[in-house]
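Trainee: Whatever this is, show me its structure:
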Amino acid sequence: MKSIGSMIINGLLVLFILMSSIPALAQSSDNLLASDISALEDIASFEKSSVLSGSVTDGDGQGVSGVTVWIVSKMEMVYLPLVIDPSSRSTARDTSSNQLDIPNEFSFSSQTDAFGNYFFSSLPDGTFTVYAELNNVVFTPNSKSVSVPTSTPCNFQVTIRTPVVDPSADIITEATNQYLESVSEDGVTFAFSQTTTQIQSILPGDIIVSGVSDRSPAGYLRRVVAVDSEAGKVVLVTEPAVLEDFIEDGSVFVQETLTPADIISTDTYQGIDFQYAPDAKGTTFSYIVNDLVLVDLYGDSMTENDQIKLEGKVDFDLGLDIWVDIENNILNNITFAGRVETDNKLEVYSELELAGFDEEWIIASHTFSPITIFVSAAPVVFLPRLDVVVGADGSINVGWSTSVPQELKMRAGVEYLGSSGWHPIGEFSSEFTKEEPQAMLEATLKAIMGCS
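Mentor: Below you'll find the model as predicted:
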């Protein structure tokens, strides 16, 4: 950042300097005289040279990737009280009224790597504000004031509240789940082939929580309405419950990398060849498309001038960020955000006029193995689903559809903020309204957006 500049104003050459919060340069205009040539030379020779580094970790000390770390400095304009008139001798006067359109802030950003580390180089010396940003995840500290140069790392950590779980909630054990014989299609009725000590303690109004089991591949979180006995079986009649029904306080942050090996079911558009890409780490999803007909206006395969076709290949790697924050039985935030890196070589071609044609087609859908995280001893299960969507312009959108105790479907990401309700990450959609999660238990949320 060169600090000296000039401008011709009313035939006069006005010298000005930009002063940041750098202590060595923070002089007032009263102290900058025409004779301060040596000070000006020091400023003119100033170069960016300092570095700043640090890390961002989760509650377990693991590095968090993809976090944007910002370093910001406020600047103020200080005018040199020296006006040089070629037709007269040098005189000093106040030129502060000659306002110039120069930015009063500068910032740099860096992104954490796979290990949660970040690094800034060639920074100017001075005092800066540093903060971390990832969707609506809360970090500790919220921000830091850092004086550069420094050899001290500037570290941040995801803010994790100490979990407090309602002691009356029944966390169903494997010893009890082994007798779970059936779950009704609507998820209301749970039939156990025999009773257990734990089942005997369950009363109407209790919350039951379970991880993955043979009869509940996505776990369950329900409120018991009635307890009945039928032919030696114990039947629990339930209704939906939500996380904050049994979590009083707690935060959860998880970053997952999903691979083709995690897929438990796949549906693809006829003509799509889904395969493992030749990737040494086995993390890449690959789709080969050969002359796929997306639209056939007349329904006649022999006439091609009425068709829209897709050809090519697309590869991508997938990640999923999950952030849940509950305080005093109030859901402050629940965020599901996809991290997608794509290599798209698809081409849509047609003799039809495609201008303004905004149709989308799901060319593949995948359901992944459940992800189980724990709040204290209570399991919370997420069942990721993925749609691969192609647009009429050949763009690829990768849309997450993550099933949790509240059914949520979204493209790219969705979040709930206590202050503003549900909305997709990236842009507002009128399909999301400010409703409490309890009112949307059986609802399906949709937002047509994605990471292309």
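
Trainee: only C-alpha atoms for contact and neighbour calcs from this point on.
Mentor: Noted.

Trainee: got the residue ranges for the helices in the stretch 51-200 of the chain?
Mentor: Along the stretch 51-200 of the chain, counting by DSSP state H, counting those that start in this stretch, helices occupy 174-177, 197-200.

Trainee: Highest mean neighbour count out of the ones you listed?
Mentor: Among the helices of the stretch 51-200 of the chain, helix 174-177 has the highest mean neighbour count (mean count of other CA atoms under 10 Å), at a mean of 15.

Trainee: average model confidence for it?
Mentor: Mean pLDDT, helix 174-177: 94.

Trainee: quick one, strands of the stretch 201-350 of the chain?
Mentor: Counting by DSSP state E, counting those that start in this stretch, the stretch 201-350 of the chain has strands at residues 207-210, 220-230, 233-240, 247-258, 263-268, 272-276, 284-296, 307-327, 330-344, 347-350.

Trainee: Contacts for the first one, please.
Mentor: Meaning strand 207-210. 168-173, 219-224, 241, 245-246, 378-380 (CA atoms under 8 Å, 6 or more residues apart in numbering).

Trainee: hmm, back to that, quick one: which of the helices of the stretch 51-200 of the chain is nearest residue 314?
Mentor: With CA to CA as the measure, helix 174-177 is the member of the helices of the stretch 51-200 of the chain nearest residue 314 (41.8 Å).

Trainee: Can I get that closest one in PDB? Just the C-alpha atoms.
Mentor: C-alpha atoms of helix 174-177 as PDB (Å, rounded to 0.1, in the frame of the first residue of the first chain):
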ATOM      1  CA  GLU A 174     -29.500 -51.400  21.700                       C
ATOM      2  CA  ALA A 175     -30.800 -53.800  24.300                       C
ATOM      3  CA  THR A 176     -34.300 -52.400  23.800                       C
ATOM      4  CA  ASN A 177     -34.100 -51.800  20.100                       C
END
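
Trainee: now the contacts of strand 207-210: which count as buried?
Mentor: 169-172, 219-224, 241, 245-246, 378-380 (16 or more other CA atoms under 10 Å).

Trainee: sorry, back to before: dump the helices of the stretch 51-200 of the chain to JSON lines, plus distance to residue 288.
Mentor: Formatted as JSON lines, these follow (distance: least, CA to CA, whole Å):
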{"stretch": "helix 174-177", "distance to residue 288": "42"}
{"stretch": "helix 197-200", "distance to residue 288": "51"}
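
Trainee: measure residue 293 to residue 363 for me?
Mentor: 11 Å (CA to CA, to the nearest Å).

Trainee: for residue 156, that is, sorry about that
Mentor: Residue 156 sits at a distance of 40 Å from residue 363 (criterion: CA to CA).

Trainee: Who has more neighbours out of the two?
Mentor: residue 156 (24 against 20; other CA atoms under 10 Å).

Trainee: Quick check: residue 259 touching residue 316?
Mentor: No: judged on CA atoms under 8 Å, residue 259 makes no contact with residue 316 at a distance of 10.1 Å.
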